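Q: below are the sequence and a predicted model; questions follow.
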Amino acid sequence: MSPDRYGITIPFDGIPLHAHREWFARLRDLGYTDLWSAETDGSDGFTPLALAAAWEPGLNLGVAITPAYTRGAALLAQSAASVADANPGQFAFGLGASSEVIVANWNGVAFENQFRRVRDTLRFLRLAFTGEKVTEEFETFSVKGFRLSRIPEQLPPIYLAALRPGMLHLAGREADGAILNWLSAEDVATSVAEVAQAGGAGKEIVARIFVIPTEDADLARMVGRRMITAYLNVNAYAEFHRWLGRGPALQPMWDAWAAGDRKGALAAIPDEVVDELVVHGSAAECRAHVRRYMDHGVTIPALAVIPVGVDLGDAVAGLSPSAAG
């Protein structure tokens, strides 16, 4: 049976935005229901979704995630409301702290008080979406006299990027759901339980799931190790995996990385960790692995497809709901 919601991460690497129209149509025909953008060092989070809203209005759209720091509060409200206005009832806004690299190193903004900044931004957006004038002294910023003059017909749900209990509880208490990243299928249950503990039982749980659809396990693990060192040496992700209990398995990698030994860091990552955090294998094996995430509580999977040694078109087709029959 096909899942109710089944998403994929856009835009695709190596394909210009203007060439995505046929890809969006193909994804719809293959049974994908959701397109989820990101915002790191490529496209911004909103432009690919605006194109999708115009070209394939039947698809659900989401951004996972937009940093709470890199836009002023008023502009962030305008951006989220605009995409919601373009795709009524089918846009979800993902908000998160992002990372020191993106916020401080690339954008020159102090990366401080992450929990409070996300909390304050969430509360501001709730106020702004009412259409009332907002004059408020939040703990991490202030807004004086802003009124959002274009309110979408249907307000977008706000999901929070959440790793550890503090943010997971905030998602459960005040947001409409949580966005998970870089965890195993079995880890999902732990995160979902934290959201539920804060009153968020039944809320949407989105997860970006990294998928390398190849049966060459050595190749998949090589690529997976590079991805893991790029992400899990970021402090927030390192602390997340310590909390999950993966600290002993990853400590040799962290030690080698801190010593400047990049090759040693790659070699120190156990195969089991790669296999837990990166989906790989045949298309059927990958689909079954993604299903495990959903069995543990993910309601909207957002596949991030890394087409190593396989054509992108074949990869998205093989991983799609229609391939499951």
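A: Sure, I can see it. Numbering: from 1, shown residues only.

Q: centroid residue for the protein?
A: When CA atoms, centre = their mean is applied to the chain, the residue found nearest the centroid is A64 (3.7 Å).

Q: for that residue, which non-adjacent residue is spatially closest?
A: Of all residues not flanking A64 in the chain, G94 sits nearest, at 4.0 Å (CB to CB, 6 or more residues apart in numbering). C-beta: built from backbone N, CA, C; applies to glycine.

Q: parallel or antiparallel, list what pairs with the strand or helix carrying that neighbour.
A: Using DSSP states H and E, G94 falls within strand 91-96. Strand 91-96 sits in its sheet next to strand 60-67 (parallel), strand 158-161 (parallel), going by DSSP bridges.

Q: and these as CSV, adding mean pLDDT?
A: Conversion of the strands paired with strand 91-96 to CSV gives the following (pLDDT from 0 to 100):
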stretch, mean pLDDT
strand 60-67, 98
strand 158-161, 98
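
Q: what's the closest of those to G131?
A: strand 158-161 (16.2 Å; CB to CB).

Q: can you give me the strands in the stretch 1-150 of the chain?
A: Per DSSP state E, counting those that start in this stretch, the stretch 1-150 of the chain carries strands over the ranges 7-9, 34-37, 60-67, 91-96, 134-137, 142-146.

Q: turn these into a markdown table, including distance to S320.
A: Below are these laid out as a markdown table (distance: least, CB to CB, whole Å):
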| stretch | distance to S320 |
| --- | --- |
| strand 7-9 | 8 |
| strand 34-37 | 12 |
| strand 60-67 | 15 |
| strand 91-96 | 21 |
| strand 134-137 | 42 |
| strand 142-146 | 42 |
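
Q: that older thread, okay if I get the strands paired with strand 91-96 as JSON lines plus distance to G177?
A: Listed next are the strands paired with strand 91-96 as JSON lines, based on distance: least, CB to CB, whole Å:
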{"stretch": "strand 60-67", "distance to G177": "10"}
{"stretch": "strand 158-161", "distance to G177": "4"}
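
Q: residue boundaries of the strands in the stretch 201-325 of the chain?
A: Using DSSP E, counting those that start in this stretch, the strands of the stretch 201-325 of the chain run over residues 204-212, 279-280, 300-305.

Q: ranking the ones you listed by burial, who's on top?
A: Highest mean neighbour count among the strands of the stretch 201-325 of the chain (mean count of other CB atoms under 10 Å): strand 279-280, with a mean of 26.

Q: from the contact counts, what lies against that one?
A: Packing partners of strand 279-280 (3 or more CB pairs under 8 Å, 6 or more residues apart in numbering; DSSP states H and E): strand 204-212, helix 217-232, helix 283-295.

Q: got those as TSV, with distance to T47 and mean pLDDT columns?
A: Converted to TSV, the helices and strands packed on strand 279-280 look like this (distance: least, CB to CB, whole Å; pLDDT from 0 to 100):
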stretch	distance to T47	mean pLDDT
strand 204-212	19	98
helix 217-232	24	97
helix 283-295	27	98
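
Q: tell me the most buried of the ones you listed?
A: strand 204-212 (a mean of 24).

Q: need the contact list for the closest residue to R119 other than its chain neighbours.
A: The shortest distance from R119 to any residue other than its chain neighbours is 5.8 Å, reached at L170 (CB to CB, 6+ apart). L170 makes contacts with F115, V118, R119, L122, L160, A162, A198, as judged by CB atoms under 8 Å, 6 or more residues apart in numbering.

Q: who wins on neighbours among those?
A: A162 (29 neighbours; other CB atoms under 10 Å).

Q: my guess is that one meets S191, correct?
A: Yes. Shown here, A162 and S191 form a contact pair, counting by CB atoms under 8 Å, at 7.2 Å.

Q: for the two, list the residues in contact with both.
A: L168, A178, L180.

Q: are we agreed that the second one is in a helix?
A: Spelled out, it's A178. No. Using DSSP: H, G, I helix; E, B strand; the rest coil, the assignment for A178 is strand, not a helix.

Q: you'd agree it is up against G202?
A: No. Look at A178 against G202 with CB under 8 Å: they stay out of range, at 12.0 Å.

Q: those two: which is more packed in?
A: A178 (27 against 10).

Q: give me the number of residues near the closest residue in space to the more buried one that isn't next to it in sequence?
A: Nearest residue to A178, sequence neighbours excluded (CB to CB, 6+ apart): A171, at 3.9 Å. Neighbour count of A171, defined by other CB under 10 Å: 30.

Q: got the contact list for A171?
A: Y159, L160, A162, G177, A178, V195, A198, G200, K203.

Q: ok, and the closest non-adjacent residue to the last one?
A: In space, K203 comes closest to G177 once its chain neighbours are excluded; the distance is 4.4 Å by CB to CB, 6+ apart.

Q: tell me how many other residues crowd G247.
A: 13.

Q: need the contact list for it.
A: Shown in contact with G247 (CB under 8 Å, 6+ apart): H241.
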